[in-house]
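>>> Pasting the sequence and the predicted coordinates here, then a few questions.
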Amino acid sequence: MMPARLLVLLGCALVAAQPARAQDSQFEIPGLGTPGRWESARARMTAGAFAPFDPTSMVSDAALADIGALTASVVEGATYREVEAGGTQTWLRSTRYPQFSVGGPVSHRLVVGGGYSTYLDMSYDVTTRDSTVLRGVTQPYTDAIASDGGVTDLRLAAGYRVGSRLALGLGFHVLTGSTRMSAMRRFDDTTAYLTVDQTSLVRYSGLGVSGGALLSVTPALSLAAFARSDGPLSAYVADTLVRRSNLPITAGGAVRWLLGAKARLAGSVTWRSWSRTGPNAFDTVNWSAGLELGETRPLRLGVRGGQLPFGAGPSAPTEWGAVLGTGRVVAGGRGLVDLGLERLSRSSGAVQEVAWTLIVGLTVRP
């Protein structure tokens, strides 16, 4: 009965994998997009520090081995973003469902899981003003370039507990999605010059593999290691290959320390080779540290920092963030509701961005 229920939930995850319409970060425009976070709501409220140990996150496949019963988890985030560039301030808003995960034990050692998460956000809308000389006269015009969509990561993974201290995991990933891209040029003199616009639907596809390990050094101290390699991301317009982009290799590690029965501390570091994806791209190192206190109504807090992979300047944009959250066990322990608030600050030269995100998570154990 358990494998059948698990396959049904996995099917729901694949069907639900739809990119949301939104205005996303300005730092994605010079490159492939804004990388998603493969974190559950609980892990994100500790700035991602606990994600390599969290079976409902998609950072380490080995963490699946700690699922004791069929579990499904979903995350929603509503972001309010202030962008400052060239002395102009703009407020943007987006709402996303960045992750859905499900998993359950097949045997007392083997756990199978899957779901979807955001791999790349590619939604933006840019308007610029300029002019050109036509027939000896300067003609002002407005250019509007927009992209709506992104790349979704569909994962099927397994975690296997080798012994009481060691767990291993392996995952397979299918990258899919699409963006609707449009470009329009409108001249101020609409009587003499027509507006020119073009719209294209771009489809994306790719494959990846990931693996991880969890080691319990002592009952209070645990270590995690994880890695991932993705193949090229292919972009198609009307079934014609228009671009093939290399995707990064990911490697990282984490440590978790149990301070007591109701206190847990964790930290993680992740490296990704984004520079291989093309121009205006940089390798990134990101770190996070988080604390969780309590059980039925926990208090969670964390900080994170590092770089973003794409920017127009000579160095990678920087990012720093802090998050505070809590949760509550409901339905006799069969459900968990998480609620948190995250503040991110990003900068690259004259472009500054501050984002506030309200995070809501729901975890169910049927």
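Good, I have the coordinates. Numbers count the residues shown, from 1 in each chain.

>>> for the residue lying closest to Leu308 once chain neighbours are set aside, what are its contacts?
Nearest residue to Leu308 in three dimensions, chain neighbours excluded: Pro317, at 4.2 Å (CB to CB, 6 or more residues apart in numbering). All C-beta spots, glycine's among them, are computed from the backbone N, C-alpha and C. By CB atoms under 8 Å, 6 or more residues apart in numbering, the residues touching Pro317 are 27, 307-308, 310-311, 346-348, 351.

>>> Val237: which of those is nearest?
Phe310 (21.7 Å; CB to CB).

>>> Next, count neighbours for the closest one.
By the criterion of other CB atoms under 10 Å, Phe310 has 26 neighbours.

>>> And for it, nearest residue in space, chain neighbours not counted?
Gly31 (2.9 Å).

>>> so which helix or strand takes in that neighbour?
Following DSSP states H and E, one finds Gly31 outside all helices and strands.

>>> Over to Pro219?
Assessed by DSSP H and E, Pro219 sits outside every helix and strand.

>>> wait, isn't it in contact with Arg256?
No - using CB atoms under 8 Å, Pro219 makes no contact with Arg256, being 11.6 Å away.

>>> who has more neighbours, those two?
Taking other CB under 10 Å, Pro219 and Arg256 do not tie; Arg256 has more neighbours (23 against 8).

>>> The more buried one belongs to a strand?
Yes - under DSSP: H, G, I helix; E, B strand; the rest coil, Arg256 sits within a strand.

>>> which other helices and strands contact the helix or strand hosting Ala251?
Assigned by DSSP H and E, Ala251 belongs to strand 249-260. If you count contacts as 3 or more CB pairs under 8 Å, 6 or more residues apart in numbering; DSSP states H and E, strand 249-260 packs onto strand 221-230, strand 263-272.

>>> next structured bit after the first one?
Next in sequence after strand 221-230, counting helices and strands by DSSP H and E, comes strand 233-237.

>>> and that following strand, how far from the chain's centre?
20 Å (CA atoms, centre = their mean, to the nearest Å).

>>> Report the angle between the next helix-or-strand element following that strand and strand 233-237.
Sequence order places strand 240-245 as the next helix or strand after strand 233-237, per DSSP H and E. Here the directions of strand 240-245 and strand 233-237 differ by 150 degrees (axes from the mean of the first three to the mean of the last three CA atoms, to 10 degrees).

>>> what about Ser107, how many neighbours?
10.
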